[in-house]
Each structure stands twice: as C-alpha cells, then as structure tokens.
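J.: I would like the atomic coordinates for the input below:
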Amino acid sequence: MPSAIAVENLVKTYRAKESSKNFFKGVLAPQYTTVTAVDNVNLDIKQGEIFGLLGTNGAGKTTLIKCLTGVMSPDSGSIYLNNKSIEESRHRLGVMFSSSMIYNRITGYDNLKFFAKLYGVEEYEKRIAELAETFEITRYLPRLVEGYSLGTKTRLAFARTLLHDPDILFLDEPTLGLDPYIGANIRKVIKDLDKTILLTTHYMEDADELCDRIGILHQGKIIATGSPEQLKKMVKSHTSIVIESSYPSPQLQAELKKAPFVLAFYKREHGLKILIDHKNDLSKLLKILARYNLTKIDEHEPSLEDVFIKLTGAQHAD
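T.: I've put the predicted structure just below:
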C-alpha cells in the first residue's frame, strides 16, 4: 500500500520563557530555555489507514500535527503527503484542531457556506445538507453558533473539515469532552470515511476502537508503534488492578513506588490503577493494599491504557 504520510527525522524546537528573580533589581527577569517538542520523529502512514497518536498533554501531539499540515515549520526533517510537499498537498488536506475553528457570531449554515465557497465546493447546498445529516445537526444550522453546545460545535467543525472531500484528515482530539452519544456519532463517522486519517487522542478506548495502528508519543519521541493488539501483547503477562478509595493516601503511593513488582500506577477518578509485573505478584500487592481503607479491588486484563503507562513511565499519582 502506498504511503499517504511519510515523515523522516522531523525536529521542532521552540524557546520557552522562564522567570527568575533578579536580586539586584528585585524583579522577575525573563529567562529562556529550548524545548524540543518533536524529537526526530519518523512516520509511514499508508493510504486509507487510521493512525492514532497517543500522548499526555505536552507530549508534542498538537505540535506534530501543526508541522504536518504546514501551520508550523519544522527545524529539520522531511514531510511528504501522497508523495507531494505540504505546499502541493495543502488543498487536499482536512484539518480539525478544535471547535474553535468556526465563527460563533454567525449561524452554523453560514459557517459551512463560507468555507464551502472558500474551498470552491460545487453544489455546496447539497454538500452541506449531506454533512448536516451525517452529523445529525440539520436542525441546528439556522441558529447562531454561540448558542451551540460543545458537542454541536464539534460536529459542525468536523463537517467544515469534510466540505471539500479531502484525501487526508488530521484530527486533533476529535472526541474531547463530548457526551457518549455525540462521541459515538463522531467515532462512527471516522470509521465510515474510508480515508487516510491521523488523529490524536488521550482516550485509549477511542484509539483501540478506531485505529489500524497507533504511535505512542512521549516527550516528543515516538516510543512505540503497532496495531492495538500488537501493543497489548507487550503487557500480556502483566496484571492490572483497579482500586477504589475516597482518597488514595500518600503513604500507599509511596509504598507502590518502592515495590519492585509494581510497573506503574496512576490516578483514576475514584482511586488508582496499578500495573504489576506478573499475576504471581498479586498476593504481594494485596498485602500492601490490606493496610489501607479501600472500598473496592478489581482485577482486569491488561489494556492499551496499561501499555501507555508502562512505556511512558507513569509512576506517581499525586
């Protein structure tokens, strides 16, 4: 299968401001440091493939997409989209960073009409009607966007992205903050598009459901790639434990950090998720947990989430 997105040795750095005390003047003097947001990234995404980028906030996901779409210029490296430069490919790209890519003080219909004309879409009324039906937003189009919910704004922004039927889609956190129904609508659209898609997310369930392959981005580097099933094999011998507690105590977290059989743990809404090296270590973990006031302890099969925390080295949940 031919490559749709080919990236070699991509690097992007920027200067970040820090403040430090100037003892002679008694004021904060700006200091600068160089941050490497994208660090020698290589990607080969095939035509028709849905490729997911997983990473925590600050891992470099958005910066990478901005480089791939020409919003930012990389310091070094090469990018080819369907064997063409970004400049040659720009008109065939669909980019969705967030629902902020639409205008709040006009109607949803006028938003789509404006961008359709900008893209040179023929029979734009028909195209708008098709996309409105796909995203279930027809009844909202006559209304001002400033009155839309986040979910409706996201669906409108996605419809705008698809107006010109692009060859390659770049979707940055397309389901972030959405309720389950609207999130399901967005996921169905993504699966049915039959296009090359690079999407970023920190929702492991979305990545598992949608993506043919996944890359894990950590501190600007791609540290692992593979299908969801290939990645999950990396933690096949491990055991995942979820505990519930009104407040995971610092003492418990300190013990978990010291335990050699605990590979990683991180905070969840009502407790902690703990990844241990092997099921045989479960009795050791239970001895630690028995000393604390926990409301529930569950054992789970290792998931994509566990792969992520193991590879990124998540070790504390304070």
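J.: show me where pLDDT drops low in the stretch 1-150 of the chain?
T.: The model of the stretch 1-150 of the chain has pLDDT under 70 over residues 18-29, 99-100.
J.: Which stretches in it count as strands?
T.: 3-22, 27-46, 50-54, 76-81, 93-96 (DSSP state E, counting those that start in this stretch).
J.: Of those, which stretch is the most buried?
T.: Mean neighbour count, computed with mean count of other CB atoms under 10 Å, is highest for strand 50-54 among those, reaching a mean of 24. Backbone N, C-alpha and C define where each C-beta goes, glycine included.
J.: which strands and helices sit next to it?
T.: helix 61-68, strand 196-201, helix 204-210, strand 213-218 (3 or more CB pairs under 8 Å, 6 or more residues apart in numbering; DSSP states H and E).
J.: Leu256: which of the strands of the stretch 1-150 of the chain is closest?
T.: Smallest distance to Leu256 across those (CB to CB): 23.3 Å, for strand 50-54.
J.: Was I right to think Phe265 contacts Leu275?
T.: Yes. Assessed by CB atoms under 8 Å, Phe265 is found in contact with Leu275 at 6.8 Å.
J.: Find residues that contact each of those two.
T.: Ile309 (CB atoms under 8 Å, 6 or more residues apart in numbering).
J.: right, and the strands of the stretch 1-150 of the chain - which one's nearest Arg213?
T.: Among the strands of the stretch 1-150 of the chain, the nearest to Arg213 by CB to CB is strand 50-54 (5.4 Å).
J.: Mind listing the strands the closest one pairs with, and their directions?
T.: strand 196-201 (parallel), strand 213-218 (parallel) (DSSP bridges).
J.: what does that strand contact?
T.: Strand 50-54 has contacts (CB under 8 Å, 6+ apart) with 5, 43, 45, 61, 64-65, 190-191, 196-202, 204, 206-207, 210-217, 304, 308.
J.: Spell out for me the ChimeraX command that would select the buried members of these.
T.: The ChimeraX command for the buried members of the contacts of strand 50-54 (criterion: 16 or more other CB atoms under 10 Å) is given here:
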select :5,43,45,61,64,65,190,196,197,198,199,200,201,202,204,206,207,210,211,213,214,215,216,217,304,308
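J.: can you redo the helices and strands packed on strand 50-54 as CSV with distance to Ile102?
T.: Output for the helices and strands packed on strand 50-54, formatted as CSV (distance: least, CB to CB, whole Å):
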stretch, distance to Ile102
helix 61-68, 18
strand 196-201, 19
helix 204-210, 22
strand 213-218, 27
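J.: Would you mind saying which of those lies nearest Ser245?
T.: Of all the helices and strands packed on strand 50-54, helix 204-210 sits nearest to Ser245, with 22.0 Å by CB to CB.
J.: quick one: average confidence on that closest one?
T.: Averaged across helix 204-210, the pLDDT comes to 92.
J.: I am finished for the moment; much appreciated.
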